[in-house]
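# what's the 3D shape of this:
(chains A and B)
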Amino acid sequence: MLVQLGLLVLSLACLLIAPMLGADFLPWSALADETGRADDQYILKELRLPRVLMAYLCGGGLAICGMVFQAMFRNPLATPFTLGVASGASLGVAIYVWSGVSLVVLGFSGLSIAAMLGALLAIALVYLLTQTQRGFRTSSMLLAGVAISFFFSSVILFIQYMSSMVDSVRIMRWLMGGLDVAGYDAVLSLLPFVLSGAAIMFYFSHDLNLVCSGEELAVARGVDVKKVKLVLFFTTSLLVGAIVSVCGPVGFVGMMVPHICRHLVGADHRGLLPASMMFGGIFLVACDVLARSLIAPAEMPVGILTAMLGGPFFVILLVRAGR
Amino acid sequence: MSERSARGILFADICEMIKAQNLSYRIEGKPILESVSLVLGRGERMSVVGPNGAGKSTLLKCLARIYQAAEGEIEIDGRKQRALSQRELAKLMSYIPQADGFVPPYTVAQFVLMGRYPHLSPFSTPSAEDREAVDRAMSWTGIEEFSARRLDSLSGGERQKVFIAAAFAQDAPLLLLDEPTTFLDPKHQDEVRELLVAAQARGTSMIAVTHDLNEAVLGSDKILALNHGREVYQGDVAGFMQAEVLQAVYGKSFVFVDHPQNGRRMMLPNVMEGGGCGEK
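Residues are numbered from 1 along each chain as shown, chains lettered A, B, ... in the order given. Now for the predicted structure:
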């Protein structure tokens, strides 16, 4: 519990401090300062704060999605990104941008829906592949994920090639992953996804604990493994789709964060879920602050930064797993 | 007078712990189990024996519904297995898998508590009853002293006791065990055997798969011998310890000796037979 409490304090501190940092230091007092520049107030309130909140939500959401995948496949290398779910979502977005349609269904943007459908398609492929063989080996599953990613990436390239210059740049920029939102609409539309996703995952935390001990044992203990897997795969892909549609395929958060948290709080998902969520939020907010500050006044897409950190981490895990 | 008999239903007295009829299981058309039936009374212990690939583990998995039998009926405690939810089934039977080298990433206390899964509701924290069941299971198996350690820091023998404790914590009247003593040293084998004898004395019914014939006959009420997915023998121990039965099960002859200390009859493979590596 101590770790979770510490992460909660750290989260609050992070949400308080991060909006002040960036190309210029802007203290919260600027809001109260009536003589202050209107620009500063706008930047703080309408740009930086929603962006920090968005980073926290995306980071937290990606971390718990990664946690669920790692638990269900009993492998720290299995995450929505390594298994091609994020590429599926990206493909959905690329097709949507290329098609030039613009629609809103039940308050959801067409972009989000396209991303979710793409994520669902990818997860359905992974799921079907794991069902075809008894005792499906994790290594074959990871390879399948890589193959799915490659395939989707090449389709995305093809779509870019076929698109107009403007759309092509839009797709490319989006693929780099970024959190440059303005206002609170995007934050508010993502919030219910992250909260309900986390609630569903928490509901199944006992089940996840047992699935982590081996599927056969889980069944014998009374877990309806098929149902748990279906519900969680579905939940995870919707959540990944929703997040990716907003911030692009920000990679590796879902791999690094839960893995580190498991060392901090252990593998019991009732404690691991809140820890991963908060750690993920803090991690992405911190990465985003760096992305905004490192090459100021310009900024870099946060996805590039997380991939630079995540690549070596992936290799370390791979080497350790091979031992 | 029990509540049940007050209602005029004498289930507990009339129905067996488990009854399976004509179970068949196939993988891609290849039969693994063919029309296997078994009956086990309350508090009884059955050992399932047979050569590699005979379908012993598959039989256990079909009983626990880890595999879905293609044909056949299973009744546990008088209730049809297929009508039970997985959770209800887990309240009636617990299962200890064969050690496959994978070590769950938990502490001993966490893992034993996970045995309470069928009794827990999703958002609830473990009740006093759950805690009691866990403490009881840990004291029965003598693992309290390492309850805070992680499973991957334990020896194979200690870990097997933790798996047994988790199954005890599940509080089910029937226990299925897949080779519970394989890979253990003689001392740990003895300890595990004693745990199972004690469990049987507490009224737990058991079905255990084993390769050790002398272990199988020790303390068992019934033996079920399989070969190529079919029943070769089912009955009491004395009937099983016959040269022709063993020959039929294993395709190999055995000799019988008496243990020099307690005089107990034991089976040993005949090393004078072709293919053996005995000294002339």
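# moving C-terminal from the one helix or strand A:V3 maps to, which element do we reach first?
Here A:V3 sits within helix A:2-17, counting by DSSP states H and E. Counting by DSSP H and E, the element after helix A:2-17 in chain order, helix or strand, is helix A:29-32.
# same question for the helix or strand following that following helix, mean pLDDT?
In the C-terminal direction, the helix or strand that comes right after helix A:29-32 (DSSP H and E) is helix A:38-42. For helix A:38-42, the mean pLDDT works out to 81.
# can you name every helix or strand that helix A:38-42 contacts?
helix A:29-32 (3 or more Cβ pairs under 8 Å, 6 or more residues apart in numbering or on different chains; DSSP states H and E). C-beta coordinates here come from the backbone N, C-alpha and C atoms, glycine included.
# send me the helix it packs on as CSV with only the CA atoms.
Output of helix A:29-32 as CSV, limited to C-alpha atoms (Å, rounded to 0.1, in the frame of the first residue of the first chain):
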residue,chain,number,x,y,z
SER,A,29,0.2,32.5,-10.0
ALA,A,30,0.0,33.8,-13.5
LEU,A,31,-3.6,32.8,-13.5
ALA,A,32,-4.4,35.1,-10.5
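# which residues touch A:L272?
If you count contacts by Cβ atoms under 8 Å, 6 or more residues apart in numbering or on different chains, A:L272 has them with A:M67, A:P258, A:C261, A:R262, A:V265, A:G266.
# which secondary structure element is home to B:A225?
Counting by DSSP H and E, the element that carries B:A225 is strand B:222-227.
# given that strand, what are its sheet partners and their directions?
strand B:45-49 (parallel), strand B:230-235 (antiparallel) (DSSP bridges).
# quick check: next helix or strand after the last one?
So the one you mean is strand B:230-235. Using DSSP H and E, the first helix or strand after strand B:230-235 is helix B:237-240.
# looking at A:G92 now. What's its pLDDT?
Looking at A:G92, its pLDDT reads 91.
# SS state for the residue of the stretch 151-300 of chain A found nearest chain B?
Using Cβ to the nearest Cβ, A:G222 is the residue of the stretch 151-300 of chain A that sits closest to chain B, at 3.0 Å. Following DSSP: H, G, I helix; E, B strand; the rest coil, A:G222 is assigned to coil.
# wait, what's in contact with it?
B:S85, B:Q86, B:R87, B:E88, B:L89, B:A90, B:K91, B:Y117, B:P118.
# from those residues, which land in helices?
Of the contacts of A:G222, the ones assigned to helices by DSSP state H are B:Q86, B:R87, B:E88, B:L89, B:A90, B:K91.
# and the residues you listed, which of them are buried?
B:Q86, B:L89, B:A90, B:K91 (16 or more other Cβ atoms under 10 Å in any protein chain shown).
# contacting chain A as well, which ones from those?
With Cβ under 8 Å from any Cβ of the partner chain as the criterion, those include B:Q86, B:L89, B:A90, B:K91 near chain A.
# so what's the third one closest to, chain neighbours aside?
The shortest distance from B:A90 to any residue that is not its chain neighbour, by Cβ to Cβ, 6 or more residues apart in numbering or on different chains, is 3.0 Å, and that residue is A:G222.
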